[in-house]
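Chemist: When you get a sec, could you give me coordinates for this:
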Amino acid sequence: MIVLYRIYQILIMAPIMLVATVLTAITTIVFSLLGFGRSMGYWPEVIWSKIMCLIALVRVTVEGRENIDKRTSYVFVANHQSAYDIFTLFGYLGHNFRWMMKKELRKIPLIGLACESAKQIFIDRSSPAAMRSSLRRAEGLLQGGMSVVVFPEGSRTKTGKVGTFKRGAFTLASEFNLPIVPLTISGAYAVMPSKNKLPLPGKIKLTIHKPIMPEEDMQAVIEKCREEIISSLE
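Modeler: Numbering: from 1, shown residues only. Model (predicted):
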């Protein structure tokens, strides 16, 4: 059965993924240049992500969507299990957001330009001054319901377990006094572990936890968010 699935992936799924990705990037770039970046930097990616899950035979369920309000800006922090985390959040979170991502991703052909056109938040960690400059660029974006999603682990897990959280997302939330919403992604590691180049059919569950306000004791908030995320892993 897996042999037939791999043949399907190579002959049908991979070409559809490539075409969908290119069309999504071009659509985002064109409409952003026309002044529709706030909405068109999000909705094409929603459709693209659902296509990516559908053709890979990956089903996503969501729990806790009642915990967030579309009119409120949040800092979403999620565990990072696999490449399918991106499709899970874009396709099924149901809240307009931008990613906080490493500046090196801007160099990816076409995708980097699409991310820049959509005003994804590129973070320069080369120095404290560069970091502060990145945060200032984000300030005008994160209002009126526009939110940001961060993987505080920094990279995908190699084992399926949740790693140590970096402070960047929590600094951003504290700087702008935005509520932090922990997100648990469960099942994505089985769909596509870091060593795999192609996904497997499976189920992913996204759990949206209740918002947590930033406090003076940032380390306590970081640990609380990490514990919330781990609590819903299956």
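Chemist: Looks like Q9 contacts K197 (just checking).
Modeler: No - at 9.8 Å, Q9 does not count as touching K197 under the criterion of C-beta atoms under 8 Å. Quick note: C-beta positions are derived from backbone N, CA and C, even for glycine.
Chemist: Please say which of the two ends up with more neighbours.
Modeler: Between Q9 and K197, counted using other C-beta atoms under 10 Å, the more crowded position is Q9 (18 against 7).
Chemist: Return the distance of the more buried one relative to A56.
Modeler: Applying C-beta to C-beta, to the nearest Å, the value for Q9 to A56 is 8 Å.
Chemist: what's the answer for I208, then?
Modeler: 23 Å.
Chemist: picking up where we left off before, what residues do Q9 and A56 have in common as contacts?
Modeler: P199 (C-beta atoms under 8 Å, 6 or more residues apart in numbering).
Chemist: what sits against A173?
Modeler: Contacts of A173 (C-beta under 8 Å, 6+ apart): 75, 179-180, 214.
Chemist: how about a markdown table for the residues you listed, with pLDDT added?
Modeler: Listed next are these as a markdown table, based on pLDDT from 0 to 100:
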| residue | pLDDT |
| --- | --- |
| V75 | 95 |
| P179 | 96 |
| I180 | 97 |
| P214 | 92 |
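Chemist: Poorly predicted segments of the protein, please.
Modeler: Within the chain, the stretches with pLDDT under 70 are 127-128, 130.
Chemist: so how far is K203 from the residue positioned nearest the centre of the chain?
Modeler: By C-alpha atoms, centre = their mean, the mean C-alpha position of the chain lies nearest to I86, the distance being 4.6 Å. To K203, I86 is 17 Å away according to C-beta to C-beta.
Chemist: same deal with P182?
Modeler: 20 Å.
Chemist: same check, this time on M192
Modeler: Distance from M192 to K203, by C-beta to C-beta: 13 Å.
Chemist: Mind checking which of those two has more residues around it?
Modeler: Set side by side, M192 and K203 show more neighbours around M192, with 23 against 15, by other C-beta under 10 Å.
Chemist: residue contacts, that one?
Modeler: If you count contacts by C-beta under 8 Å, 6+ apart, then M192 has 82-84, 198-200 around it.
Chemist: Name the residues of the top helix by length along the chain that are buried.
Modeler: Assignment by DSSP state H gives helix 14-33 as the longest helix of the chain. Residues of helix 14-33 classed as buried by neighbour count (16 or more other C-beta atoms under 10 Å): 17, 20-21, 24-25, 27-29, 31-32.
Chemist: could you dump the contacts of M192 to CSV with secondary structure and distance to V3?
Modeler: As requested, these are exported to CSV (DSSP: H, G, I helix; E, B strand; the rest coil; distance: C-beta to C-beta, whole Å):
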residue, secondary structure, distance to V3
S82, coil, 22
A83, coil, 23
Y84, helix, 22
L198, coil, 13
P199, coil, 16
L200, coil, 13
